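>>> model the structure of this input:
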Amino acid sequence: MPAPKSLSDDGLVTELGRAQQQRRRWEAHEAGLITEAERRGLPRRRGFGSTTAWLTAISGEPGSVCRRQVAVASALENMPATREAFCAGEVSESKVRVLAQAQALAPEQFAADEKILVDQVKTASAQQAPRLVAAWKRQTNPEGAEAEAERLHQLRALHLSEGLLGMLHLSGDLDPESGLIVRHALEALADPTNLNPADGRTPAQVRADALVDICRSHLDGSNGGRRPSRVLVTIPWNTLQQGEGLVDTEPGPIGAATARRLACDATISRVLLDPQSVPVDMGRATRVIPPALRRTLELRDRGCAHPGCRIPARFCDAHHIQHWADGGETTLANLQLLCRQHHRQAHDNQPHPLRQ
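Coordinates of the predicted model:
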């Protein structure tokens, strides 16, 4: 094994690629050992309640890491082409997990398409691989894909805890829709083009400061003018009208009902695509709800129109009672302010009475 300092630049890159491939092979070998241990019932014979508990004890790794390894080992039993590529060091454990999710969604169809999917994922980047598999999921099992999108929303969580040196530690997960909003809000403040070239902060520090600025703005009530978040989503017209299917976004797919809700009060542009889905023309952007009408709506409703809700107007969405994509008019009589929670309920077909 050559010493890193003895390698040329090209040699360093080559050696690193070889080491990564070897690591994947060892991970595949480890998965095989875990599978065999489970088959023999070894963990329980050694007094452990689960394979994860046993692996945690003998490896010293956190339970979350061991749980993930056990899940991969179990999934590989029904994924021969994936297992072969994993053992050859051609796919990483993270890509195996993405393929395992697809196999769990539609086992029979995955068995028929596995080799094609594996070949695509082999050469895909870490960002492209989940999108390739997500597209396959939607085509193979649209209902299951929509249910999975809703499941991701149910899994959202944010944890705050006191860290070392008195720092506040944040951790959690957001569903694709929420992640899209948070990402674009932070990027709007953390965009390098908006910063002083002499700014010495790291990108992570800039994002942290952007989050604090957003929270401070909320507490100060300084967003009374309410400029809606700039989130770009391309929605097929038939999806917007029918309210069925999924729409791709940068973090992941969102349901058509979510897309309709986002379009309730948005800037809309007509975009023409060629047969390869490449934009060839974009019409003039227009606001669905003009600013003057928005101000009148805020004066009338003063906040969320749901009975008992006290969310202020500046944190509410303007909701079309009959969606404009269905022919509804953008008039005061067809609009009401709803907070994000009640706006979501309205688009999930959970009607509620108007506040008197």
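>>> rest of the way, CA atoms for contacts and neighbours
Fine.
>>> check which residues of stretch 333-352 are buried.
Of all the residues in stretch 333-352, those buried under the rule 16 or more other Cα atoms under 10 Å are 335, 336, 337, 338, 339, 340, 342, 343, 344, 346, 347.
>>> wasn't the third one part of a strand?
Same thing as residue 337. Yes - applying DSSP: H, G, I helix; E, B strand; the rest coil, one finds residue 337 inside a strand.
>>> pLDDT score for it?
For residue 337, the model assigns a pLDDT of 93.
>>> so it makes contact with residue 304?
Yes - Residue 337 lies in contact with residue 304 (Cα atoms under 8 Å); the separation is 5.1 Å.
>>> what about the strands in the stretch 101-250 of the chain?
Here the stretch 101-250 of the chain has its strands, by DSSP state E, counting those that start in this stretch, at 157-162, 168-173, 246-247.
>>> packing partners of the first one?
Pointing back at strand 157-162 there. strand 168-173 (3 or more Cα pairs under 8 Å, 6 or more residues apart in numbering; DSSP states H and E).
>>> outline the domain layout of the chain.
According to automatic domain parsing, the chain comprises the domains 4-145, 172-220, 237-347.
>>> what's the first-to-last distance across the last one?
Think domain 237-347. 17 Å (Cα to Cα, to the nearest Å).
>>> and if you look at stretch 162-174?
For stretch 162-174, the first-to-last residue distance is 21 Å (Cα to Cα).
>>> what distance separates the helix of greatest length in the chain from the centre of its chain?
Looking across the chain with DSSP state H, the single longest helix is helix 9-40. Between the centre of helix 9-40 and the centre of its chain there are 28 Å (Cα atoms, centre = their mean, to the nearest Å).
>>> figure out which of the domains of the chain is closest to residue 157.
domain 172-220 (5.2 Å; Cα to Cα).
>>> low pLDDT regions in the stretch 51-200 of the chain?
164, 194-196 (pLDDT under 70).
>>> 90 - rerun?
Along the stretch 51-200 of the chain, segments meeting pLDDT under 90 span 61-65, 67-68, 98, 101-109, 125-181, 183-200.
>>> the stretch 251-356 of the chain: helices as residue ranges?
256-263, 291-301, 340-347 (DSSP state H, counting those that start in this stretch).
>>> the last one versus strand 335-339: what angle between them?
Using axes from the mean of the first three to the mean of the last three Cα atoms, to 10 degrees, one finds that helix 340-347 and strand 335-339 are set 130 degrees apart in direction.
>>> before we move on, back to that, shared neighbours, residue 337 and residue 304?
Both residue 337 and residue 304 are in contact with 313, 316, where contact means Cα atoms under 8 Å, 6 or more residues apart in numbering.
>>> so for the chain, the centremost residue is which one?
Here the mean C-alpha position of the chain is nearest to the C-alpha of residue 176 (Cα atoms, centre = their mean), at a distance of 3.2 Å.
>>> confirm for me that that residue is in contact with residue 258.
No - using Cα under 8 Å, residue 176 makes no contact with residue 258, being 10.5 Å away.
>>> residue contacts, residue 253?
149, 176, 246, 247.
>>> need those residues in CSV (columns: distance to residue 18).
As requested, the contacts of residue 253 are arranged in CSV below (distance: Cα to Cα, whole Å):
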residue, distance to residue 18
149, 37
176, 35
246, 39
247, 38
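>>> most neighbours among those, which one is it?
residue 246 (24 neighbours; other Cα atoms under 10 Å).
>>> now it. Nearest residue, chain neighbours left out?
Among residues not flanking residue 246 along the chain, residue 255 sits closest, at 4.6 Å (Cα to Cα, 6 or more residues apart in numbering).
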